[in-house]
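Colleague: curious how this folds, go ahead:
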Amino acid sequence: MMCLLDGVVAWTETVIQCRAVSHLDPANPLRRGGRLSAVCGIEYALQAAAVHGALRSGAPQPPGYLAALRIASLTADPLDDPALGVLAVGAVCEHGDSAGLIYAITLHAADGRALLDGRATIVLSP
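Modeller: This next block holds a predicted model:
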């Protein structure tokens with residue numbers, strides 16, 4: 001299991017905010033050719049959604065898979081630029097039931113600059 005998040009900053013029934021610095025780690029398992037592509041920010045945001053689901057239910061979520069992903073914006077390539085600082089990783093649950101979840105996902109640099117904005121549909125196994 002790969003955990004990219006360093007902690008949960010705050011969460012409510014619908015929103016979670018996490019922080020991450022693992023994008024700066026030379027041993028980050030998502031690196032390819034010594035670099036961490038901006039597309040890897042999607043994994044950070046999906047991990048925040050998974051943590052949120054577990055916090056909401058009080059237990060780990062049933063296994064699921066990413067069924068759909070829509071990215072409105074994706075910047076900051078590469079993601080391992082030290083100037084980005086601590087990443088703010090967010091997820092907002094827009095819909096959730098026993099069949100699946102829809103999350104708005106975001107990733108921001110320490111200075112507040114948006115690095116990722118999108119929406120993910122997660123289908124849960126019965």
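Colleague: element containing V51?
Modeller: helix 41-57 (DSSP states H and E).
Colleague: list the contacts for the residue of the chain positioned farthest from its centre?
Modeller: When each C-alpha in the chain is compared with the mean C-alpha position (Cα atoms, centre = their mean), P126 comes out farthest, at 23.4 Å. P126 sits next to P62, S98 when contact means Cβ atoms under 8 Å, 6 or more residues apart in numbering. Glycine gets a C-beta too; all of them are placed from N, C-alpha and C.
Colleague: what do you get if the cut-off is 7 Å, keeping everything else the same?
Modeller: Contact analysis of P126 by Cβ atoms under 7 Å, 6 or more residues apart in numbering lists nothing.
Colleague: follow-up on the earlier one: helices or strands next to the helix holding V51 in the packing?
Modeller: Counting contacts by 3 or more Cβ pairs under 7 Å, 6 or more residues apart in numbering; DSSP states H and E, helix 41-57 packs against strand 7-11, strand 15-20, strand 87-96, strand 100-108, strand 114-124.
Colleague: neighbours around M2, how many?
Modeller: Neighbourhood size, M2 [other Cβ atoms under 10 Å]: 9.
Colleague: if you could redo that for L84, that was the one I meant.
Modeller: L84: 20 neighbours (other Cβ under 10 Å).
Colleague: for it, give me phi and psi.
Modeller: phi -70, psi -30 (degrees, to the nearest 10).
Colleague: dump the helices and strands packed on helix 41-57 to TSV, plus mean neighbour count.
Modeller: Formatted as TSV, the helices and strands packed on helix 41-57 follow (neighbours: other Cβ atoms under 10 Å):
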stretch	mean neighbour count
strand 7-11	13
strand 15-20	20
strand 87-96	20
strand 100-108	22
strand 114-124	18
